[in-house]
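Novice: no FASTA, just this:
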C-alpha cells in the first residue's frame, strides 16, 4: 500500500464489491442507488464481510429520505 514516493493506496488484502448504478450517459435513479445499498446490506446479512460502503452521491433537488432509510438499514446490519 506504499509506493515509496508518498502515495498510499488500498490495502493489499482488501476486496472491493463494485456496483454499477449509472448508465452509459452517467444517468441514474434514486431507486437504483437504494437498490445497490440494499444489495450490499443483503450480502452482509448472508455473511459477506462488508465493513463499509463508499456511496458519495450528490444531486440537487433529490429527497434524501430513501438514501437515509437504506443507509440506516445498512448500519443496522453492521456496515
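Specialist: That came through fine. Just so it is clear, the structure is predicted and the values come from calculations on it, not from any experiment.
Novice: Can you report phi and psi for residue 8?
Specialist: Main-chain torsions, residue 8, degrees, to the nearest 10: phi -110, psi 150.
Novice: Low-confidence regions, this structure specifically.
Specialist: 1-2 (pLDDT under 70).
Novice: Give the buried residues for the longest helix belonging to it.
Specialist: When the chain is parsed with DSSP state H, its longest helix is helix 30-45. Buried residues in helix 30-45, counted by 16 or more other Cβ atoms under 10 Å: 30, 33, 34, 36, 37, 40, 41, 44. No exception for glycine: its C-beta is placed from N, CA and C like everyone else's.
Novice: do the same with stretch 59-73
Specialist: Along stretch 59-73, these residues count as buried under the neighbour rule (16+ other Cβ under 10 Å): 67, 70, 71, 73.
Novice: Next one: the first one from residue 74, what distance?
Specialist: When distances are taken as Cβ to Cβ, to the nearest Å, residue 67 and residue 74 turn out to be 10 Å apart.
Novice: Give me the common contacts of the two.
Specialist: Both residue 67 and residue 74 are contacted by residue 37, under the criterion Cβ atoms under 8 Å, 6 or more residues apart in numbering.
Novice: sorry, back to before: helices or strands next to the longest helix of the chain in the packing?
Specialist: helix 65-76 (3 or more Cβ pairs under 8 Å, 6 or more residues apart in numbering; DSSP states H and E).
Novice: Could you list every helix and strand in contact with the helix it packs on?
Specialist: helix 30-45.
Novice: Between helix 65-76 and the helix it packs on, find me the angle.
Specialist: 10 degrees (axes from the mean of the first three to the mean of the last three Cα atoms, to 10 degrees).
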